[in-house]
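Novice: Let me see the structure of the following:
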Amino acid sequence: MSGAYPWREAPEAEFAVIGDPVGHSLSPRMHGAAYQALGLSCRYLAVHVPPGEVAQALARLGSLGYRGVNVTVPHKEEALAWAKEAEPLARRVRAANTLRLADKACINTDAPGFLDTLSEFHPEPRTAMILGAGGSARAIAVALLAAGYELYLYNRTFAKAESLAAELGLSSDVVRAEADPRGASLIVNTTSASLTNEEIPIVWGNAEPTALAYDLMYAKEPTSFLLAAGARGLLTTDGLNMLVAQGARSFEWWLGIPAPRQVMLNAIR
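Specialist: Okay, here's the model as predicted:
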């Protein structure tokens, strides 16, 4: 857990990311570069918070003068429960990833940040297959539906994908028993498989040749999901651009000024 302070030992700062684990987070480097580029005297730290201790940790950080906190797994639902004021999107996806401590307000920048990154691809995909049925899948699905996408869902536990489809108001016909990306111009991996280099049984032979394979995870080396997609000649991207996009939206919500997105990307790429 190198690079992270236990929450009871966190020093004074203005901003932080909390999670468990969180020492691997690139957010401090990314936000630190943004502050430096704009001449802002702010500190952004990684703070380790075990499950069940989010409210206590946020109370202590607030007493130290922290203004804003980003939230990563597994605390996004706990963070939403802590907040007194939540935007509609955060309530819809049942997760908050950006907090303002003074007024206990929260937003979710993951979903709109994801959409920000899709605008970089031409033509922009319009039909998506989402792999996974957890909180990240829900957030991505809500964002894509709002943007007019047609969706297909796959999860290795079929019932979970059916439950997500029902929650989203979609027909059970969108749930596939196999990870078959046929007809999808966007294939999004929201599962944690890439963290353990686990193979997802995707029927790559049925993928559209112009499809974009998007892994929300990021690592020093391409994930097994992206390697398999690349071997089929598909366009691929990892979660770094999304990290920058959601981080920039957090930055702008806290500080009210445009974030230097290219600086932030250069700092972590």
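Novice: Can you show me the helices along the stretch 51-200 of the chain?
Specialist: Assigned by DSSP state H, counting those that start in this stretch, the stretch 51-200 of the chain shows helices spanning 54-63, 76-82, 88-93, 110-118, 135-146, 158-167.
Novice: by contact count, what packs against the third one?
Specialist: With contacts defined as 3 or more CB pairs under 8 Å, 6 or more residues apart in numbering; DSSP states H and E, the secondary structure elements packing on helix 88-93 are strand 105-107, helix 110-118, helix 135-146. For the C-beta atoms, the positions are set from N, CA and C on the backbone; glycine is no exception.
Novice: re earlier: now the helices of the stretch 51-200 of the chain as CSV including mean neighbour count, mean pLDDT and distance to Ala245?
Specialist: Output for the helices of the stretch 51-200 of the chain, formatted as CSV (neighbours: other CB atoms under 10 Å; pLDDT from 0 to 100; distance: least, CB to CB, whole Å):
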stretch, mean neighbour count, mean pLDDT, distance to Ala245
helix 54-63, 18, 98, 24
helix 76-82, 19, 95, 17
helix 88-93, 18, 93, 15
helix 110-118, 22, 92, 4
helix 135-146, 22, 91, 12
helix 158-167, 16, 96, 23
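Novice: a markdown table for these, including distance to Val69?
Specialist: Formatted as a markdown table, the helices of the stretch 51-200 of the chain follow (distance: least, CB to CB, whole Å):
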| stretch | distance to Val69 |
| --- | --- |
| helix 54-63 | 6 |
| helix 76-82 | 8 |
| helix 88-93 | 14 |
| helix 110-118 | 15 |
| helix 135-146 | 18 |
| helix 158-167 | 27 |
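Novice: Of these, which is nearest Thr210?
Specialist: Closest of the helices of the stretch 51-200 of the chain to Thr210 is helix 110-118, at 14.3 Å (criterion: CB to CB).
Novice: Flag the shaky bits of this protein, pLDDT-wise.
Specialist: Residue ranges of the chain with pLDDT under 70: 1-2, 122-125, 195-196.
Novice: In it, which residue is most central in space?
Specialist: In the chain, the centroid-proximal residue (CA atoms, centre = their mean) is Asp110; its distance is 4.6 Å.
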